[in-house]
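In: Just the structure for this:
(one chain, ligands or ions: 1)
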Amino acid sequence: MSLLEVRDLVVGYGPHPVLHGVSFEVEEGELCVLLGLNGAGKTTTVSTIAGLLRPQSGQVLLDGASLGRRSPSARVRHGVSLCPEGRRVFPRLTVRQNLRLGAWSRRRSPRTVRQQLDLVYDYFPRLVEREDQLAGTLSGGEQQMLAVGRALMSRPRLMLIDEASLGLSPTLARTVWEVTSQIKADGTTVLMVEQNAGVLPFADRALIMEKGTLLHTAVGSAIHDVNLREAYLGA
Ligand code: ATP
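Out: As a prediction, the model looks like this:
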């Protein structure tokens, strides 16, 4: 059974849907990339999985059980954590305070919070140096690291990461993808939204979206097929 199953999602911001029946699965332990151009519906898809948007029809299943109308915070407790597009850190809180807020669902287990904090600092040593600094004063790359770290603090089973590379230099984007790959290797399933096809070498599964529909799915070696790039770039 897949960890995540998205079934026939129809989602809109008004009466007219922008997702027209999107279905896909993500297996436990995978790093899955959802690629597509501006406006393809990627953010709408992950926002629906995180419970921020209600589908007009369709379902999101975790371990075969529908998440139904569960709130975003209930989904975090079920192991689904979103690192939203645009970093959205709390600028007037310190790095440590931002991270601790990410562990709100684990607040009754200080040991888990400490473990997650150590883990995030292992992934992003730069954040240790910045621990007491206000998040608003960090560089763009550091804020992105903080946003990913904060999403990890709830100890998710499934992490949704929306366009982590946006606005970063190629080197920093690569660093974020490498760390994400390590997060996956350490056991967290990842669904990553990207516009940048440079992420493909890190993916176990690639989903190509266009105009609110899923155009193509590639798994394993098919991801490295040049035709996939052509299909994506030509989309
Ligand atoms: P981007 O990379 O630009 O975020 P995306 O693939 O994530 O693109 P979405 O943000 O999901 O795409 O947008 C899909 C469609 O939904 C677009 O046509 C967009 O204009 C529309 N849309 C997104 N957010 C809203 C909103 N808050 N209200 C109305 N329409 C929206």
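In: got a list of contacts for the lengthiest helix in the chain?
Out: As assigned by DSSP state H, the longest helix anywhere in the chain is helix 170-185. Outside helix 170-185, the residues within contact range by Cβ atoms under 8 Å, 6 or more residues apart in numbering are 29-31, 123-124, 141, 144-145, 148, 152, 159, 161, 164-165, 168, 190, 192, 196, 198-199, 202, 204. C-betas here are computed from N, CA, C, even on glycine.
In: I'd like the average pLDDT over that helix.
Out: Per-residue pLDDT values over helix 170-185 give a mean of 93.
In: so how far is the next helix or strand after it off the chain centroid?
Out: Remark: after helix 170-185, the chain's next helix or strand is strand 189-194, criterion DSSP states H and E. The gap between where strand 189-194 is centred and where its chain is centred comes out at 4 Å by Cα atoms, centre = their mean, to the nearest Å.
In: elements contacting strand 189-194?
Out: Applying 3 or more Cβ pairs under 8 Å, 6 or more residues apart in numbering; DSSP states H and E, we find strand 189-194 packed against strand 31-36, helix 42-49, strand 158-162, helix 170-185.
In: Could you list the buried residues of that strand?
Out: Residues 189-194 are the ones in strand 189-194 that count as buried (16 or more other Cβ atoms under 10 Å).
In: Now the element after it, going C-ward?
Out: strand 205-210.
In: Could you list the paired strands of the helix or strand following that next one along with their orientation?
Out: Going down the chain from strand 205-210, the next helix or strand is strand 213-219, by DSSP H and E. Sheet pairing of strand 213-219 (DSSP bridges) gives strand 205-210 (antiparallel).
In: and the strand it pairs with, is it in reach of the ligand?
Out: No - Strand 205-210 is not in contact with the ligand by Cβ under 6 Å from any ligand atom; minimum separation 6.5 Å.
In: Cool, thanks, talk later.
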